[in-house]
Structures are given as structure tokens and as C-alpha cells.
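Q: give me a model of this one.
(2 chains)
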Amino acid sequence: MTNNPILRRELKSALRTRVALMLAAAYLVILAGVIWMMWPASGVYSQAEQASRSIVLAFTVTQLMLVILYAPAFAATAITAEKEQRSYELLFATLLRPVDIVAGKLWSSILCLVIFVVLSFPFFASCFFLGAVSGKETALIYLIAVVSAVFFGLLGLSISALARRSQSALIWTYLAILLVCALPWVPYVLLQNWAEGAKLVYSIRSVSPLAAIASVLIPTFRTPPGLAAGVLPTPWKVYFLFVAVASAGMVVFLLINAYWPVSSRIRPQAKTIDDPRELARRKLSFPFYLFDPMRRRRNIPDWMNPIFAREMRNKAFGGGIWIFRSAYLCFAVSVVLIALVAGQLGRQTPDVIRIVALAFQIGLIVLVVPSLTAGAITQEREKMNLDLLRLTRLRAGQFLRGKLQVAMVFLLFLVIGFLPLWYAILYLETNTLEQILRCWAIIGATMVLTLATGLFCSSLVRRTAAATATAYGILLLLSVATFFPALMPGRIGGSLAELIYALNPFVCAIQGLTSEYFQRLPDLWARHLQLSLGLSLVFALAALIRVRRMLSPES
Amino acid sequence: MIRTEGLTKKYKNVLALDRLNLVVEAREIFGYIGPNGAGKTTTIRILCGLMRPTSGKAEVAGVDVVAAPQRAKELVGYTPEQFGVYNGMRVWEYLDFFGAAYRMGARQRKQRVEEVFGITGTEEMRDYFMESLSRGMQQRVGIARGLIHNPKVLVLDEPTSGLDPRARIEIRQLLKRLKDMGKTILVSSHILPELASVCDRIGILEQGRLLLCDRMEHVLQQVESRQILEIEILGDAAQAAKFLKDRYPADQLEVREIVGRLLRLSFAGDEQAVAGLTTALAEHKYGVLSCREELLDLEKVYLRVTEQAKAGKRRVEA
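A: Below you'll find the predicted structure:
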């Protein structure tokens, strides 16, 4: 394996960069920060087993989050980067066998992640010496982290083999990892009162790595309530089995893809369609006929921002229809939720329905919306169009406005896709219009913040993949890491906890719409709007300054 | 039309342009030659208002590109060696977009797009998707894009790089057509014979310094005042060379090379002197099978000039 030139090159190029050093430093600083914040201020901490375990739990969950954040950065671009640089075919032209190429890519992506996991040993050792966690539990915790790193690495690599661009590979990988981590929890949340299906619901939940970790550290998690011990296998065992089967499937897929690659689609040199029959056929088959690239004939109107017009023709409606796929997904989830509400299938409380609906909407915004703007500037650079734009009379404001307008069009479709969900919430008849409007304000502010974050990252770094990963990193910090006060209520409290919670869109929206969750905190929505919009303004201004510098002559 | 005075550009410790003085007259095709890293693209980027020089002055049609880069952009159309295309857009949409980016009205754009299709001979590509174009087609569309706002000056960076012979011929014809339309064209290229056939004047740049800048025919004279003769001898060429060395002074004749029966000489003298030389050889029983003057092409000129510069014989010229 060590003689594999791909592995050696990939590892060298991945690990000797400044970015790798920064990522490793960030990984360790964050983990050290978690331990430092939860470390006992006085007394013999190990005597309080629960407190010691809470440190280990916080550490392990943070480590898993970091693996989730880092895995796509290393694995999802491994093959797409080669495709973008047109060097992938060159590899196959050498004497290397396809299996060597796949193995090199595979091991390099996985080893980078495993190195990060191993780097955290000294920090975990300090937790271990607090007691309360056995050697077997420690080994299991690390095994779950390593297995997750391998699994997510494989997932990223498989998506990279399918995708053509690094940005789309990154987005799909993050989405896939989120599905693996969060989706198994949805039946559990919605159907936990469904006694007949308890075995099924608990088995599905065990597929998530979070459930696997919880089952190691929280004894009550190993056996579902109402079921005798040993009826269901331990969740971490189910997780390992799932990962083994899925990983084997992905390895087979990668090998098939290497030996029999799928040929890329080539767009025909199409003419404008004038034939009325052909037009009628396209009208029926193409969902948004008005934007059909095959019938565009008009010049860009004088009143329209040329960047907006070009983006609409070039990306949004010129090629793929992924925008509509997201809207379809919204509709599909909405229909499921409406069915659950109407049929009282899981005998769930209205709050549960609302939490699932909010988590889905805000989660989708956080995952999808940054991708709309993260490539706004970097793609112009990567495709060598920035110089051509600099030659024209476009101004920085006009440029950014055009990019934002296109993102807004997409958001409009997303908002339309959300409407049935809100119909389901309205159907529950427990929320006032004011509460719903507040919630919408929070969702709107989250959209603005995610757009601004993507734009800022795109102006900050040179590559789209890096910009997308940075944007996800910032948003993960704002929307997931801000749950942290919940893990350590004794250490972070009062106004600091309120400030941290006020940054979290999930917490603020759930507080506003439900009657049980986060009700001890003061009303957070107004503060959330101030913080989100303020931060968005800062990001947008920074992006404007950067773009103005880019469009002006280089010094 | 284009004028630079003492144009200097420094990147950290690298001097990319060293007090460059360049003049390109209106309605001429100027060939800009130099090895990689000589400073050609830096000059072009400064002239297009994409880059600020460290010092010196650069003007296009009397407009200072440093003081008024926006105004300069209106006067210059630039086609870089490599440029991106927007996938999913057709050729006319691509040109229309750049017209809009230059703030042209919709009606004016519509008309101008048709005009540049006519000028560049790209009408048949109007409905093609940009990503489906071949390299040669893309290059022609790139020139059409550079012309969309009807600039006075067109700057082309390596326009024939990577093109097949037919596409090169088409680009050359296009350049001549543009010149006839009154455009001033600055073209940089590595493929020197390409430039020789279309350029009125050339400038040779090396390490940021302009080594030579003149009309093609004057360049040949400047580089080589003596002609190169290739004489095929019936008999011992080495003996014949010795005979000629003894007969002519060193400043008039220099034996460059002896390859089999072939003698390569550097000789100063008119046609009569050449006739005298061959007669002298024949009289001394060195039969002359053939005698021809070797013509300098642009590649040889370039090599000669850069060699002279390395040897310190050629100084920076204005």
C-alpha cells in the first residue's frame, strides 16, 4: 500500500499544506476548548460519575461533529478535483491499475481523517483519568470515531466519483452524511409512542452514529423502554454492521466506476426550436417552459442586471433542474407530515410535529442555501471569467446584487416548497399568527445569513470547494455548536447561555412555536434577528469590499 | 494609439517590466514577441486597465490607463490566451451578456451582435452552446466578444495557441480584416512565422526590456547587416574555406559552418561582390555547384536578438 504513488502524492499534498495545519490546529483547539470548559473547577470530579461522563459525551459528540465537517473536505473533492484539472484520465493512461487508483484515493482520504482522530488521544486521555469511563468504553468510542471517519470518507469518495464538480460533490456529501446521522432519528421522534413498531423504530435509530455513541455512554440507551434486555442488539453493534455493509457496497461501486466509468453527457449543438410540434412536446416535458433555454431569443432587457440575467440563463434555468428537486423534496416531506398530523399515526404531540417541521426547514436552508452563493465569486475565478468581467463596466455592487437576485429566485421556490408544511402547522391550531410570523422572521433571517455567509466565503478564498466548506464550517458553528450550553448547563448559564442560544436559529424558532422547549429562556427571537441580520450585514459588506478590490486594477 | 513611457512593473523581487517605452501607431498590427515570463502579458494587462504599473505611464488613444482605467476599458478589447465560457449559454447570449456588461442598450446590442458575427465569420455558431465549441471556434467567439463594444484597440494574447492550421489561417485573415476596418491590433504570440505574415511592426521583449522594435524589413537589417551565403563546392570545402579566409579580411567574410560540401559564410558586400567571390572560387578550381542567400525569418531574428542581448551586445532600446 505504501508504494502506491497516488496515496503518497495525495497524502503529501493534503498534509503539507498550511490549510491542513490550520485544520488540525482547529480540531485540537476545539476539542481542548470543550474539555477546558467542562473541566471541574474544584473538588473530586470523578466521584460524580455522571459529571465525568458528561465531559466524555461532550468530547465524543464534538469529535464526531468535526469528523462530519472534515470528511467531505478531504474525500468529496478527491476525484472531482482531478476531473476539474483534467488529470483524472491521465492517471488511467499510466500503468497503474484502476484498483490502485481507487485504493490510493480511498486510503489517502481515510488516513487524513484517521490522523485527525488519533491526534485527539492526549486530550481524551485527560478525560479518561477522571474515571467513570472504562477501557472497553474508551476503545468503543474511538472505534466509532474511526469507523465513522472511514464510512464518511468512503461516502465522500463515492459521491466524488459520480459528481462532475467539487462544489456539488461537497454539498451532496454533506447532505448524505446528514441523512445518515439525522434521518434515522426522525421515525424515533415521530413514532416513539407507536408500541407495535417500537422494534423497527429503535433499530432504524441505531443506524445513526450519534445513537451508537449514546448507547456506549448512556446505559438507558441500550434497551428501549418496554422491551426486555437482549431483544434488540446493542445500537453500536447495529451501527458497525450497517457501516460494514454500506462500506462494502461503496467499495464495489468505486471499483465498478473505475473499471467501467460512466461517459459524460455532451450537450448537443442545439438550434432554436421553431417546430410547433417539438415546442409543444417540450412544453409538456420541461416543467418551467418559460425559462426553457431552447426557446430564448430576447436580448437582456436594459432594466435587468446583466449578471442576474446571465446566471438565470447560465445556471439556474440553463442546465440542471436541481432547484426544483429541492422544492419537490419540500413538498414530499410536507405531505408525509400532513399525513402524520391528519392520521394521528404516531400519536405524537403537536410540539413534536412542529419541531420536525422546523428542523427540516432550517436544516435544509443551512445545507442548501450557502451553496447558492459560495461559488458566486470563486467560480468566476476558476473558470477564468473574472478578468473578462473586470474588463467591462460592471461595478462590485451590481455584480453582487445580480448574484444575490438569482439566489433569491431559488429561495422563492424553497419558500413555496415550505408552504404545505406551514399548512400542517396551522392545521394543529395551537399557534397564533404572531408566533408564526415571528418564526418566519427567524427563517428569513437564517436565509439572509446563509446567503451572506456563502458570499463572504466566496470572496475570501480562491476555490469553490474551500468556500463551500468554510461556509458550512461557519454555519455549523452558528447553528449546531450553539447548542453547547445544553450539554453543560452547570458551566454556561445566565446571559452568556442566552446570547449563545440567541445565535441558534433552531432554538429560537422552536422556542417561538412550541410550548415545552426552551421556555425557561427569555424571548430570543428579537435578539436573534438583531444578531443574524447584523452578522449578515458584516459579511455582505466584507464581500463588497473584497469584490471591489477584485474588480479594480491589481496593484 | 498605444504609448508607454518608462513603464515598470515589479512583483516583489522580480522586475517584470523595466522602463518599457513602446509606441504602436494607429491602424497597424503590432507583433509582441518574447519568451515565457518576458513581460508580454504584464504589459497587456496594464494596457487593458487590469493592472497598475509600479511606475511609468501607459496611454491608449490618449487616455492614461492608470488614471482612467474605466475609460481605457472602453477603448480596448482584450482576448486572453485562455478564457472561460459560460455553460448553458448560446453564442449570441454570451455576446449579448458582455454587451450588457459594457452598458450597451438592448437595441444597440442586438445590432452589434449581428455585426460582430459578420466581422468574425461566426454567424453559423450563433445558436451553439458555448461549451460545445471547438478551441478554434471559441477563439473566434473570444475575438467577437473583444469587439462587442467596438473598441479602437484590440489586444490578443496568444490568439493562435493550440489551434489547427486552418484555424490559424482564419485568425490571420481575421486580423487583416480588422486592420482594414481601422482597428489597431497588438498581438502577442510564440508562433513567430504567424506574426511575420501579418504584422507591420514587431517588438522583441526579454526580461521586461524591449530589445528591438521596428518594421519587419528594418528588423532584418538591424539584426544582420551581412548576408548569409550557402555555397555548395565541388571539391574540398575546407580547402575552399581556407582560400576565402586568406583572400578576404575578417570584417568582410566569416566562415560560419562547413557541412560536407556546404559552406556557410557571413559576407558583407553587394551582388557584384558575391559574383566576384564565386568567380574567384571557380578560378582556383573550387567548382561552385550552387550559391544562395539564406533569408532570415522571424524565429532566427528572435534567436539572434536574444543571443545578442545575453552577450551584452544589445542594449535596451526605446
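Q: just checking, B:Leu20 is part of a strand?
A: Yes. Assessed by DSSP: H, G, I helix; E, B strand; the rest coil, B:Leu20 belongs to a strand.
Q: and the helices in the stretch 251-400 of chain A?
A: A:276-285, A:306-311, A:322-343, A:350-374, A:378-382, A:386-391, A:396-427 (DSSP state H, counting those that start in this stretch).
Q: in JSON lines, list those helices along with distance to A:Ile115 and mean neighbour count.
A: Just so you know, the C-beta spots here come from the backbone N, C-alpha and C atoms, and that holds for glycine as well. Listed next are those as JSON lines, based on distance: least, CB to CB, whole Å; neighbours: other CB atoms under 10 Å in any protein chain shown:
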{"stretch": "helix A:276-285", "distance to A:Ile115": "49", "mean neighbour count": "11"}
{"stretch": "helix A:306-311", "distance to A:Ile115": "40", "mean neighbour count": "23"}
{"stretch": "helix A:322-343", "distance to A:Ile115": "34", "mean neighbour count": "16"}
{"stretch": "helix A:350-374", "distance to A:Ile115": "26", "mean neighbour count": "22"}
{"stretch": "helix A:378-382", "distance to A:Ile115": "27", "mean neighbour count": "21"}
{"stretch": "helix A:386-391", "distance to A:Ile115": "35", "mean neighbour count": "21"}
{"stretch": "helix A:396-427", "distance to A:Ile115": "36", "mean neighbour count": "18"}
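Q: out of these, flag the one nearest chain B.
A: helix A:306-311 (3.7 Å; CB to the nearest CB).
Q: using CSV, list the CA coordinates for the closest one.
A: The C-alpha coordinates for helix A:306-311 follow below in CSV (Å, rounded to 0.1, in the frame of the first residue of the first chain):
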residue,chain,number,x,y,z
PRO,A,306,-26.8,41.5,-16.7
ILE,A,307,-25.2,39.3,-14.0
PHE,A,308,-28.7,38.2,-12.9
ALA,A,309,-29.8,37.5,-16.5
ARG,A,310,-26.7,35.6,-17.3
GLU,A,311,-26.9,33.5,-14.1
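Q: how many residues are close by the residue of the stretch 201-318 of chain B found nearest chain A?
A: Nearest residue of the stretch 201-318 of chain B to chain A: B:Gly208, at 16.8 Å (CB to the nearest CB). When neighbours are counted by other CB atoms under 10 Å in any protein chain shown, B:Gly208 registers 24.
Q: one more: A:Pro522?
A: With other CB under 10 Å as criterion, A:Pro522 counts 11.
Q: picking that back up, got JSON lines for the helices of the stretch 251-400 of chain A, with distance to A:Leu541 and mean pLDDT too?
A: Formatted as JSON lines, the helices of the stretch 251-400 of chain A follow (distance: least, CB to CB, whole Å; pLDDT from 0 to 100):
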{"stretch": "helix A:276-285", "distance to A:Leu541": "43", "mean pLDDT": "61"}
{"stretch": "helix A:306-311", "distance to A:Leu541": "19", "mean pLDDT": "88"}
{"stretch": "helix A:322-343", "distance to A:Leu541": "28", "mean pLDDT": "69"}
{"stretch": "helix A:350-374", "distance to A:Leu541": "15", "mean pLDDT": "83"}
{"stretch": "helix A:378-382", "distance to A:Leu541": "19", "mean pLDDT": "87"}
{"stretch": "helix A:386-391", "distance to A:Leu541": "21", "mean pLDDT": "89"}
{"stretch": "helix A:396-427", "distance to A:Leu541": "10", "mean pLDDT": "84"}
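Q: TSV for those helices, including distance to chain B?
A: Formatted as TSV, those follow (distance: least, CB to the nearest CB, whole Å):
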stretch	distance to chain B
helix A:276-285	14
helix A:306-311	4
helix A:322-343	13
helix A:350-374	16
helix A:378-382	8
helix A:386-391	6
helix A:396-427	9
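Q: closest to B:Gly269 out of those?
A: Between B:Gly269 and those, the shortest gap by CB to CB is with helix A:386-391, which sits at 52.4 Å.
Q: the closest one: how far from the chain's middle?
A: 32 Å (CA atoms, centre = their mean, to the nearest Å).
Q: same check on stretch B:197-206?
A: 4 Å.
Q: got it, and stretch A:9-17?
A: The answer for stretch A:9-17 is 25 Å, by CA atoms, centre = their mean.
Q: buried residues in that stretch, which are they?
A: A:Glu10, A:Leu11, A:Ala14, A:Leu15 (16 or more other CB atoms under 10 Å in any protein chain shown).
Q: next one: the residue of the stretch 201-318 of chain B closest to chain A, what pLDDT does it get?
A: pLDDT, B:Gly208: 87.
Q: surely it touches B:Ala38?
A: Yes. Between B:Gly208 and B:Ala38 there is a contact at 7.0 Å, judged by CB atoms under 8 Å.
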